[in-house]
Each structure stands twice: as structure tokens, then as C-alpha cells.
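# what's the 3D shape of this:
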Amino acid sequence: MEPAMRSLLEFLSHHTGFRLSYDRDAALTDGIRRAIKRAGISDVADYLSHIQNDQAAFDDLLAEVTVGETYFFREPDQLEALRKVILPEILSRKGRDHLVRIWSSACSTGEEPWSLAMACRTAGVGDQCRILATDISRESLQKAERGTYRQWSLRGPSRELTGSLLHQAVGGWQIDDSLRKHVNFEYLNLALDAYPSLATGTWGCDVIFCRNVLIYFDQKSIEAVVRRLYDSLSPGGWLVLASTDPSVTQMAPFELVEAGACFVYRRPLVTASPSPTVTVETQPFAFDEWVFDDEDPGLTDSTIVASGDVAIQAAQEALHEGDFERVRELTEARIDHPFATALLIRALAGQDTVKAEQACAVAVDRHPAFEELQYLHSILLLDLNRYREAEQAARKTLFLRSDLAIGHFTLGMILQRSGRTQDAGRSFRNAARICQRLPPETVIPLSDGEQAGRLLQMASQHLAMIGAGE
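Below you'll find the model as predicted:
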């Protein structure tokens, strides 16, 4: 293999986690050559430099090397398990009013998340479900959001399940508008991005669909992704993999459950083993100015102070292990302490978004100057599609700390979903500019471990998706 092509494959593998073999895969060879030809570049080394600096060109290459084989109601036994086993179990355990959080990871052009929304509707719980759909390809996400499909996407055996939720339109079929409020599409790289994360909505999930993805990863990436998916589930949450995906019971402490005509994985309700002691750290901030689009954000160093509060340390340890009941036991009597309250809100969010938001509303009234609570409130309100209130909470967060990159990013997401793309672009640019001033490996405060380099890429992806540029 020529050195330039080897470097190209190494770059792709690093940024996707995919197992790539140019010598043995003719489809991969042809796809790469097509992408290079479309770019109007003859030299592979020049093309590598091009995709490193041009997100659209990189997306075009991703579309060639990823398999977009998807259609409505693929693997219908699993969707039947969702309707007749998984959803009833969740609502029986968490209450009929529980807001069910479903994550369709690697959603490609959207047939899977729209199918999930239809399955929830036919199960009679459509209004109680929120579906997050993520993918690494911006081009695929744009197609998914449009919700227009050709007959080929309806070749599955359960076409009748779409019912009145697909309408004939020019060039094919169109998703019914009533489903759109239940599905949100976001960029996310399963191999590289930090999750679970409040910033990306990948937290406290009741169900995760991750089908026909793991088979393309190398072993190291598979193990890392599986562990992060496990952590993204609430206790008792369900993971649905494709029948062709590898077994994951040796990679994370999942239970294998027979659900109707198929098997699915489940995170146990009780945590199996304790984690090592975690030291709680606090970060006092004092900022008094906004970051506007054309201004220098001006980073301010923060002093990190060890809390020394044993109960709070124990609560953070329990939160890390997903033992939300233990977190509540340790923090419910500490409403005077903002850090304890923030841990309580995070634990509640892992169980019930509605109850978490209600508790957070009380908490921000009690501790209005504590930016983490305001930030948590903006995320919870966003998840409930209460965009106006979410925007207010995000702006309060940024008033308290104007250089909080994740705060600007979250405000951008709120404004984008509200249809205010120009204002969203300003917020995403603010987040990007703050991240650009930091070393790429710097962990962004309140981001659940997201690094500056990755958040910068996410902000750039959103800017590209809304056509706002950088």
C-alpha cells in the first residue's frame, strides 16, 4: 500500500474507530477513489490535507466508507419487543407519567429513529417518548431531518406499521409533522466523543438502539463504546443491538434478557460493585460580562478547592456508579449545599426528567448564583422541549460565567431547535472561540468530560448543519 493511502486510512481509523483494510476491501477502495475524484484532487497526500481542513470534504468521504444500509422497521422483532416488553416494563417500574428517553445511536439517514417514534405511537405512548438520534455523518443527519424517503426505504416487512405517519409527497414519502417534536437529531462520534453527557443528551437513557455499528469498529473501540453505552443507561435501562453485532456481556455487566422473539441487554437495577473513592472538587467563579460574537471571551483561571465533605464525596461516588437512590439518601437533607443539590438533580435526571426539572426549579430559586444548577436547569428544560424557559436558564448560566464553553454550546442547541439559526450560529461560534483558546485535551467545566478539541468539532458541526459557517 502506498504510504499516502496508509496515512489516509490511519487518519480515518483514528477519527471513526472503524476497522479499515484498504488491501482487502474493494468497496472501500472504490469509495475512497470516488471521493478523491469528486474533490478534484489527484494526489492522495493532498487529499488527506484537504479533508483535515475541510469538514464538508471529510463528510463526503464518510458517506463513502460508512455503510448506510437502513430502512423502516428493520429487525421488526426488536421493535415488537420495544412495544410489548420494554416500554411496558419501563412505565410499570417508573410510573405511567414517566418521560421515556430513547437514544438511536448511529441513526444514518433517520429510518430507525422515525421507526422508533412510530412504534411508540402505535404502543399508545408516543407523547411520553423523547428520541435522540445521533450520527457521525452530517450529510446523513441533514437527510434524516428532512424526513423524505423513497420507496426503497420502505422495503421492510412491516410497511403497514407506518400507517398514516408517512404521506406521499413529491419524490417519495414524507414523515408526518406530528412525529417531529419527539425526535431530535444531533452530531455525535461514538468512537471519540465523551458520553454519557448532559451536553449531548446522552444521559439517563431508558433505551439505547445501537444496531449494525459495532461490527465496523476495532476491538478496542468496541469495548470503549460498549462501556460508555452502559454508563449512558439509567439502572434497569435496555440496550438493543443488531443480531449481527458481537456479544457484549464480557465488556460491561449487562444482563441478557429474552424479550419476545429476540434477546436484548439490560443494565441491572442494582450496582454490582463499589467504585474507588472520588475526591469532590469545586470551582468558585466570578465573572461579570457577556461573551458576544465579536468580542474576545477572555478566559479567567479558577482556583480548584477540595471540598473535604465526606457525604458529598460518597454521593459523587454513588452517582458515578449509577446508584441514584444512594445519591438521594446522601443529598436530600443537604438542600443548603449547592454542590449536594447539583448531585441530587443529576441523580433525579437519571431516573425521571420531569421530576428532576421540578426539583431543579426549586434549587435554582434557593441557589440562584450557582451556575451548575442553572446549567442543569437549561438542559432539563431543553429535554422537555420548553425552549423559551431553557433559553432563559442558559442565559442566566452565562451571566454567572461568561466563558463557559458548554453554556454557549447548550444555548446554541436551544436556539437551533427553536428555529433561530442566526442566533444559534452566534452561540456556537462563541463556544468554538473559547475552545480554540484552550489546549485540545482540556476538559471543559460542567461538560461531563468533554474535551475542548471535541467540543470545538461539535460546535463546528452544528455551524455547518445550519449553514452559519465559522
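
# which stretches of the protein have low pLDDT?
Low-confidence segments of the chain, defined by pLDDT under 70: 1, 20-27, 66-69, 156-163, 270-308, 468-470.

# let me see the domain layout of it.
Taking automatic domain parsing as the reference, the chain has its domains at 3-65, 76-266, 281-465.

# adding mean neighbour count, write those domains out as a markdown table.
C-beta here means a position set from N, CA and C on the backbone, and glycine is covered the same way. A markdown table is the format used below for those (neighbours: other CB atoms under 10 Å):
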| stretch | mean neighbour count |
| --- | --- |
| domain 3-65 | 16 |
| domain 76-266 | 19 |
| domain 281-465 | 19 |
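
# following whichever strand or helix holds residue 207 in sequence, what is the next regular element?
For residue 207, the host element (DSSP states H and E) is strand 205-210. Proceeding N to C from strand 205-210, the next assigned helix or strand is helix 219-232, under DSSP H and E.

# who does the next helix-or-strand element following that next one pair up with?
Following helix 219-232 in sequence order, the next helix or strand is strand 233-241 (DSSP H and E). Strands flanking strand 233-241 in the sheet, each with its direction: strand 205-210 (parallel), strand 262-266 (antiparallel) (DSSP bridges).

# quick one: closest of these to residue 16.
Each of these was scored for nearness to residue 16 using CB to CB, and the closest is strand 205-210 (15.0 Å).

# contacts only, for the closest residue to residue 390 other than its chain neighbours.
Take residue 390 and drop its neighbours on the chain: the residue closest to it by CB to CB, 6 or more residues apart in numbering is residue 381, 3.6 Å away. Taking CB atoms under 8 Å, 6 or more residues apart in numbering as the criterion, residue 381 is in contact with 357, 387, 389, 390, 393.

# closest one of the residues you listed to residue 338?
Of all the contacts of residue 381, the one sitting nearest residue 338 is residue 393; the distance, using CB to CB, is 15.3 Å.

# that older thread, adding distance to residue 422, write the strands paired with strand 233-241 out as JSON lines.
Compiled in JSON lines, the strands paired with strand 233-241 are given as follows (distance: least, CB to CB, whole Å):
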{"stretch": "strand 205-210", "distance to residue 422": "32"}
{"stretch": "strand 262-266", "distance to residue 422": "43"}
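
# helix or strand for the residue lying closest to residue 82 once chain neighbours are set aside, which one?
Nearest-residue entry for residue 82: residue 119, 5.5 Å, with adjacent residues in sequence omitted and distances by CB to CB, 6+ apart. Under DSSP H and E, the secondary-structure element containing residue 119 is helix 111-122.

# likewise residue 258?
Using DSSP H and E, residue 258 sits within strand 255-259.

# just checking: what are the partner strands of that strand?
strand 262-266 (antiparallel).
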